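Participant: Provided below for reference: sequence and predicted model.
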2 protein chains.
Amino acid sequence: MKVVTVLRTADRIIHTAVQLFNQHGTGKVSTNHIASAAQMSPGNLYYHFRNKEEIIRAILDQMYAKWNGVWNLPSEGKVTLEDLRSRLIMNFEILWEFRFFYREAIALFQADEQLRQTHLRMMNSRMADQEAFVQRFVEAGVLTIPPDRDILRKLLTACWIVANNWLAFLEMNGTIVTAERFQEGVALIWSILTPYLANRREGDEPPW
Amino acid sequence: MKVVTVLRTADRIIHTAVQLFNQHGTGKVSTNHIASAAQMSPGNLYYHFRNKEEIIRAILDQMYAKWNGVWNLPSEGKVTLEDLRSRLIMNFEILWEFRFFYREAIALFQADEQLRQTHLRMMNSRMADQEAFVQRFVEAGVLTIPPDRDILRKLLTACWIVANNWLAFLEMNGTIVTAERFQEGVALIWSILTPYLANRREGDEPPW
DNA sequence: GTCTATATCGCGATAGAC
DNA sequence: GTCTATCGCGATATAGAC
């Protein structure tokens, strides 16, 4: 069986485009730039992709594929805090790899309705996955549910927002993003969940 | 004294630009579009602004001015939960009025370093204001501080992220944003702070 | 599949009249 | 202050040779 050592042209375009988009933003990067950086002619690029939108769609398809791998559960055994932590880290890694996207997502949707639809489906799927995850979490006794389930939903929404915007928050503050920062993002989620976590039971001392 | 009934030209440009930016995104809106929508010639627009970047800067100066009005404190009297709520609502109103900005902020910074610097100063100022606010909050006994001040900082960071990304979250879900949604954003913040709020003291029942 | 050459278009920006 | 006219440029996209 042949070992593929070089990327196929379409993949080279996608790979190059991600780098440039992350570096300069989608608006500043033209198809000419991408072709040039990928060391091919503009005509060749257009042979593989109709336009820039289509390149972006192809990139996001890759991102979605990665995400689908994150929240699938071990079919057996207890779900632990460590399971949650590692998934959050993976989440941050994906966000960082395709950071141009969270930086401009809504604007990209404004320019490409199809992208918005695709993303919407993807988000719902991710949310469902996470809900299943949390369900297992509760069953494992790691998370103490407040009787008011509405509180739980709000907390999870808050956690979702933090998880998806922590890196953007850092960037807006001019902070250089490194792997250690991912941990801090997890700590932020932890701080929200702490009162409901661990071995707390009614009447226990609060965790602080 | 003369009552000004029509906006001065520069303000008309700014006002029109905000509408168009919110509607289509900054990338899709050219100076020509703005001039046309404001019913003036491109040349006239360029008489008042050097380029699109400068228009954006002028818009954001207006936004910052509004923000400075939000977190200044009543110099006397206790600070209540209602004070916090009303400020959060004002916060959402401003974000919504200039929503094109939070949709593309980081990308805009990539294209305009000066904008980044200005915003950085503004953010730090806002954060300082909020810290002062929280300080008063603690003094008023509304907020029970965990002895570990680090927890408090994390919680406030989480709240900041939620407050600044709640509307974006709604938009990414395809939800139509209305004034009622602002309340839900406040509820989200509440859900994070609840364990530390109100009349809780060591040994009390948890609030759920 | 990949290249070169080229057509078209709209944007940013300025000059100069009024 | 405002307009008209216009220039130069770069981006998208296609045609046709190899």
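Facilitator: Everything's here; your move.
Participant: next, the buried residues of stretch A:79-91.
Facilitator: Buried positions in stretch A:79-91, judged by neighbour count with 16 or more other Cβ atoms under 10 Å in any protein chain shown: A:79, A:81, A:83-84, A:87-91. All C-beta spots, glycine's among them, are computed from the backbone N, C-alpha and C.
Participant: which among those residues gets closest to DNA strand D?
Facilitator: residue A:91 (30.5 Å; Cβ to the nearest atom of the strand).
Participant: you'd agree that closest one is in a helix?
Facilitator: Yes: counting by DSSP: H, G, I helix; E, B strand; the rest coil, one finds residue A:91 located in a helix.
Participant: what about it, distance to residue A:31?
Facilitator: Noted for residue A:91: a distance of 31 Å to residue A:31, by Cβ to Cβ, to the nearest Å.
Participant: and the closest residue to residue A:57 other than its chain neighbours, what does it touch?
Facilitator: Spatial nearest neighbour of residue A:57, chain neighbours left out: residue A:115 (6.2 Å); criterion: Cβ to Cβ, 6 or more residues apart in numbering or on different chains. Neighbouring residues of residue A:115 by Cβ atoms under 8 Å, 6 or more residues apart in numbering or on different chains: A:53, A:56-57, A:60, A:108-109.
Participant: got a markdown table for the residues you listed, with secondary structure, neighbour count and pLDDT too?
Facilitator: Below are these laid out as a markdown table (DSSP: H, G, I helix; E, B strand; the rest coil; neighbours: other Cβ atoms under 10 Å in any protein chain shown; pLDDT from 0 to 100):
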| residue | secondary structure | neighbour count | pLDDT |
| --- | --- | --- | --- |
| A:53 | helix | 15 | 98 |
| A:56 | helix | 23 | 98 |
| A:57 | helix | 16 | 98 |
| A:60 | helix | 18 | 98 |
| A:108 | helix | 25 | 98 |
| A:109 | helix | 21 | 98 |
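Participant: mind putting those in TSV, distance to DNA strand C included?
Facilitator: Conversion of the contacts of residue A:115 to TSV gives the following (distance: Cβ to the nearest atom of the strand, whole Å):
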residue	distance to DNA strand C
A:53	16
A:56	19
A:57	18
A:60	21
A:108	18
A:109	20
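Participant: was I right about residue A:100 contacting residue A:18?
Facilitator: Yes: with contacts counted by Cβ atoms under 8 Å, residue A:100 reaches residue A:18, the gap being 7.3 Å.
Participant: tell me the centre residue of chain A?
Facilitator: For chain A, the residue nearest the mean C-alpha position is residue A:95 (4.2 Å; Cα atoms, centre = their mean).
Participant: wait, isn't that residue in contact with residue A:164?
Facilitator: Yes: using Cβ under 8 Å, residue A:95 makes contact with residue A:164 at a distance of 7.1 Å.
Participant: so residue A:100 and residue A:18 - more neighbours on which side?
Facilitator: Neighbour count, other Cβ atoms under 10 Å in any protein chain shown: between residue A:100 and residue A:18, residue A:100 has more, with 25 against 21.
Participant: the more buried one and residue B:97, how far apart?
Facilitator: Separation of residue A:100 from residue B:97 (Cβ to Cβ): 26 Å.
Participant: could you do residue A:162 as well?
Facilitator: For residue A:162 relative to residue B:97 (Cβ to Cβ), the value is 24 Å.
Participant: again with residue A:178
Facilitator: Per Cβ to Cβ, residue A:178 is found 35 Å from residue B:97.
Participant: these two: which has the busier surroundings?
Facilitator: Taking other Cβ under 10 Å, residue A:178 and residue B:97 do not tie; residue B:97 has more neighbours (14 against 10).
Participant: now do the same contact list for the closest residue to the residue nearest to the centre of chain A other than its chain neighbours.
Facilitator: Distances taken as Cβ to Cβ, 6+ apart place residue A:167 nearest to residue A:95, at 5.4 Å, with adjacent residues excluded. Contact analysis of residue A:167 by Cβ under 8 Å, 6+ apart lists A:92, A:95-96, A:99, A:102, A:177, A:181, A:185.
Participant: so which of those is the most crowded?
Facilitator: When neighbours are counted by other Cβ under 10 Å, residue A:185 leads the contacts of residue A:167 with 24 neighbours.
Participant: okay, and that residue sits in which element?
Facilitator: Using DSSP states H and E, residue A:185 sits in helix A:179-193.
Participant: if we go by neighbour counts, what in that helix is buried?
Facilitator: Applying 16+ other Cβ under 10 Å to helix A:179-193 flags A:181-182, A:185-186, A:188-193 as buried.
Participant: any chance of these in JSON lines with pLDDT and distance to residue B:46 as columns?
Facilitator: Below are the buried residues of helix A:179-193 laid out as JSON lines (pLDDT from 0 to 100; distance: Cβ to Cβ, whole Å):
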{"residue": "A:181", "pLDDT": "98", "distance to residue B:46": "42"}
{"residue": "A:182", "pLDDT": "98", "distance to residue B:46": "45"}
{"residue": "A:185", "pLDDT": "98", "distance to residue B:46": "44"}
{"residue": "A:186", "pLDDT": "98", "distance to residue B:46": "49"}
{"residue": "A:188", "pLDDT": "98", "distance to residue B:46": "45"}
{"residue": "A:189", "pLDDT": "98", "distance to residue B:46": "48"}
{"residue": "A:190", "pLDDT": "96", "distance to residue B:46": "52"}
{"residue": "A:191", "pLDDT": "96", "distance to residue B:46": "50"}
{"residue": "A:192", "pLDDT": "96", "distance to residue B:46": "49"}
{"residue": "A:193", "pLDDT": "95", "distance to residue B:46": "53"}
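Participant: many thanks, have a good one.
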